[in-house]
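Chemist: Sharing a model that was predicted from the sequence below.
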Amino acid sequence: MQTYIAQKPKTLGKVLIGLGLFFVFLLLILPLTLIFVSAFRGGWELFTSNLLDKDMLAAIRLTLWVALLTVPVNLVFGTLIAWCVTKFQFTGRKLLIAFIDAPYAISPVVAGLCYLLLYGNQSWLGGWLDSQGIQVIFAWPVIVLVTIFVTSPYVARELIPLMEAQGSEEEEAAMVLGASGLRMFLCVTLPNIKWALLYGTVLTTARAVGEFGSVAVVSGAIRGHTNTLPLHVQLLQQDYNSVGAFTAALLLASIALLTLILKTIFEYLQNRKLSGSLH
Amino acid sequence: MTKKSLRVLPGFTLSLGLGVFYLSLVVLLPAITLVLQSLHISWDEFVFYITDPRLLSSFRVTFLAAGIATVLNLFLGVLLAWILVRYQFPGKKLVDTLIDLPFALPTAVAGLTLSALFAQNGWVGQLLVPFDIKISYTFLGIILAMVFTSIPFVVRTLQPVLEDLSPEFEEAAETLGANKRQIFFRIILPHMTPALMIGVALSFVRSLGEFGAVIFIAGNMPYETEVVSLMIFTYIGEYNYPAAAAVAMLILITSLLLLLAVQLLQNYYGKRHTRV
């Protein structure tokens, strides 16, 4: 079997490429351009004054804080789960994989509702937390919790196919040669998966920063307090401050673009690593 | 006598234990809370909640829009995957990278931007005014938002499959006298079908639950352009948790059944990994 090698297009091919490029331009390139143009429509000064607005800064701070707490948690547990399901065979393995994928299929509003019911004051857990004086619902802790839920699959999903393809011979060799578990992980596994792990982290960060639906349900969207950057986009648009909304959108779109660039780089490096280890 | 573990690699108990603990806390416990909450609802109440005409219209709008968006995505996805695998053209790497934009771009930003772009004074919207086509703040806008957010699903599930399709099959068919159309429908399409079904299911599930992108562009008129996610959101805002839970359960069960179908398809057709 050989894989397909791309060829120079003939007439039909050129038509198809033209059609494809038209849709890419219409649906992907134009919207991106519009964000940048709209954010600077009022000139540089309006852009900076929007950016340095006190509610905007509070939203940026909260969003970064949420990402800062979410990403390490999902990085550690995502790696653990990927290790567990790719290096061992056990009953319930398929079920565990299905559970990792579940947040993909759950609508963000439904996810938000689940967390609202669990941590709201009317539930046993929420009521207990409240009696301890810990404010979770409509405050930053629940935003972090629901963001952990929404972004939980990304690291594991990046790692699982790769670790399955790599097998575990190299790790077994390290163990037989007397390496400790930690040493084996740091010196054998980690170098093999590092680019995929990095991309998983970047993707988790991007989704954590951009989560809207579930956060809208649990946060209460209190201006300056529980308003994340995506919620702030909506708030500014409802205030008829379109330039302001696009300023917030610009920040988020820049993170998305950075994610795509890093993905391309990491994938290139990971593939070089994969093909290098085969020779 | 203790049974010694046959596993060579360390960390099984640790990773399984912590992994199950984490998933129970993050995924299972909140989901169970929703199920328990919905068990409090009597059958009569449940029927009362889900037969609200406004809710029923929102179901019709959501399923219809998600269905149309998925069909459009099917064609768009096949087209994009096809040109990316089969042809060389300038800017190919850029297109390949941009396909993932809808995954990376926050849904709120997508909704805001698309609604501005396709509004009647927007760059694209004003071109459509002479034809009397309105996209933003109409049903078409919902479809557009759903198409945008699920572009990558079909492309990314199809790409590896098309790359794996060895040219020998087509060459053999050609030698045996098949024309281009026969080759596509008899050789290539059957090979793509499993991946297509998976991509379509994933993009339908995503469209059903889409909230952020849709509410910016839909106009959100009751009975006309209101989606189910927004209805749940509205119930929550009115502290009508039982109604929210009842509708959420329905959506959750639908999505999980579709996801289960995807899993079965994936197992049935062997382990082709889909990158989501």
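Modeler: Yep, that arrived. Model, not experiment: these values are computed from the prediction. Numbering: from 1, shown residues only, chains lettered A, B, ... in the order given.
Chemist: The residue in the stretch 51-200 of chain A positioned nearest to chain B: what's it in contact with?
Modeler: With C-beta to the nearest C-beta, the shortest gap between the stretch 51-200 of chain A and chain B falls at A:S107, namely 2.7 Å. Every residue, glycine included, has its C-beta placed from N, CA and C. Going by C-beta atoms under 8 Å, 6 or more residues apart in numbering or on different chains, A:S107 touches A:G213, B:L208, B:G209, B:E210, B:F211, B:S229, B:I232, B:A248, B:I251, B:L252, B:S255.
Chemist: Apply 7 Å and report the result again.
Modeler: By C-beta atoms under 7 Å, 6 or more residues apart in numbering or on different chains, the residues touching A:S107 are B:L208, B:G209, B:F211, B:S229, B:I251, B:S255.
Chemist: and the gap between the closest residue in space to it that isn't next to it in sequence and B:L202?
Modeler: Spatially, and ignoring its direct neighbours in sequence, A:S107 is nearest to B:G209 (2.7 Å; C-beta to C-beta, 6 or more residues apart in numbering or on different chains). As defined by C-beta to C-beta, to the nearest Å, B:G209 lies at a distance of 12 Å from B:L202.
Chemist: Name all residues that make contact with residue 80.
Modeler: Answering for chain A, as no chain was given. B:S15, B:L18, B:G19.
Chemist: that answer is for a different chain, and I need it for chain B
Modeler: Taking C-beta under 7 Å, 6+ apart, we find B:L80 in contact with A:G20, B:I99, B:V155.
Chemist: hmm, 8 Å instead?
Modeler: A:G20, A:F23, A:V24, B:V95, B:I99, B:I151, B:V155.
Chemist: Next step: those residues restricted to helices.
Modeler: A:G20, A:F23, A:V24, B:V95, B:I151, B:V155 (DSSP state H).
Chemist: quick one: low-confidence ranges for the chain?
Modeler: Just so you know, I chose chain A. Scanning chain A for pLDDT under 70 picks out A:1-4, A:274, A:276-279.
Chemist: The intended chain is chain B.
Modeler: B:1-6, B:270-276.
Chemist: And the longest helix seen in it, how far out from the chain middle?
Modeler: The longest helix of chain B (DSSP H) is helix B:53-86. Helix B:53-86 has its C-alpha centroid displaced from the chain centroid by 9 Å (C-alpha atoms, centre = their mean, to the nearest Å).
Chemist: need the residues of the stretch 151-279 of chain A near chain B, please.
Modeler: A:152, A:157, A:161, A:164, A:168, A:171-172, A:175-176, A:181, A:184-185, A:203, A:206, A:209-213, A:216-217, A:230-231, A:233-234, A:237, A:242, A:245-246, A:249, A:252-253, A:255-257, A:259-261, A:263-264 (C-beta under 8 Å from any C-beta of the partner chain).
Chemist: Make a PyMOL selection of the buried ones in those.
Modeler: Buried residues among those (16 or more other C-beta atoms under 10 Å in any protein chain shown), as a PyMOL selection:
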select buried, chain A and resi 152+157+161+168+171+175+184+185+203+206+209+210+211+212+213+216+217+230+231+233+234+237+242+245+246+249+252+253+255+256+257+259+260+263+264
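Chemist: among the residues of the stretch 151-279 of chain A next to chain B, which are in helices?
Modeler: Per DSSP H, these map to helices at A:157, A:161, A:164, A:171-172, A:175-176, A:181, A:184, A:203, A:206, A:209-210, A:213, A:216-217, A:230-231, A:233-234, A:237, A:242, A:245-246, A:249, A:252-253, A:255-257, A:259-261, A:263-264.
Chemist: what's the distance between B:T113 and chain A?
Modeler: 4 Å (C-beta to the nearest C-beta, to the nearest Å).
Chemist: Would you check that that residue makes contact with A:T33?
Modeler: No: in terms of C-beta atoms under 8 Å, B:T113 does not count as a neighbour of A:T33; the distance is 9.6 Å.
Chemist: quick one: which of the two has more around it?
Modeler: B:T113 (28 against 14; other C-beta atoms under 10 Å in any protein chain shown).
Chemist: Check which helix or strand the more buried one maps to.
Modeler: helix B:107-117 (DSSP states H and E).
Chemist: chain center to that helix: distance?
Modeler: That offset, for helix B:107-117, works out to 18 Å (C-alpha atoms, centre = their mean).
Chemist: That one: what's the following helix or strand?
Modeler: Following helix B:107-117 in sequence, per DSSP H and E, is helix B:125-128.
Chemist: for the stretch 101-250 of chain B, what spans make up the helices?
Modeler: B:101-104, B:107-117, B:125-128, B:139-149, B:151-164, B:167-175, B:180-182, B:189-209, B:212-218, B:228-237, B:241-268 (DSSP state H, counting those that start in this stretch).
Chemist: Mind giving me the packing neighbours of the shortest one?
Modeler: With contacts defined as 3 or more C-beta pairs under 8 Å, 6 or more residues apart in numbering or on different chains; DSSP states H and E, helix B:180-182 has no helix or strand neighbours.
Chemist: which other residues reach it?
Modeler: With C-beta under 8 Å, 6+ apart as the test, helix B:180-182 has contacts from B:A173.
Chemist: Next one: B:E210 from A:L30, what distance?
Modeler: B:E210 is 20 Å from A:L30, by C-beta to C-beta.
Chemist: Of those two, give the one with the bigger neighbour count.
Modeler: Counted by other C-beta under 10 Å, B:E210 and A:L30 do not tie: B:E210 has more neighbours, with 29 against 17.
Chemist: Adding distance to B:N73 and neighbour count, write the contacts of B:L80 out as TSV.
Modeler: What follows is the contacts of B:L80, written out as TSV (distance: C-beta to C-beta, whole Å; neighbours: other C-beta atoms under 10 Å in any protein chain shown):
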residue	distance to B:N73	neighbour count
A:G20	14	20
A:F23	11	16
A:V24	14	21
B:V95	16	21
B:I99	12	21
B:I151	7	25
B:V155	9	24
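Chemist: just to revisit the earlier point, can you turn the buried subset of the contacts of A:L80 into a selection I can paste into ChimeraX?
Modeler: Selecting the buried subset of the contacts of A:L80 in ChimeraX, with 16+ other C-beta under 10 Å as the burial test, is done by:
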select /B:15,18,19
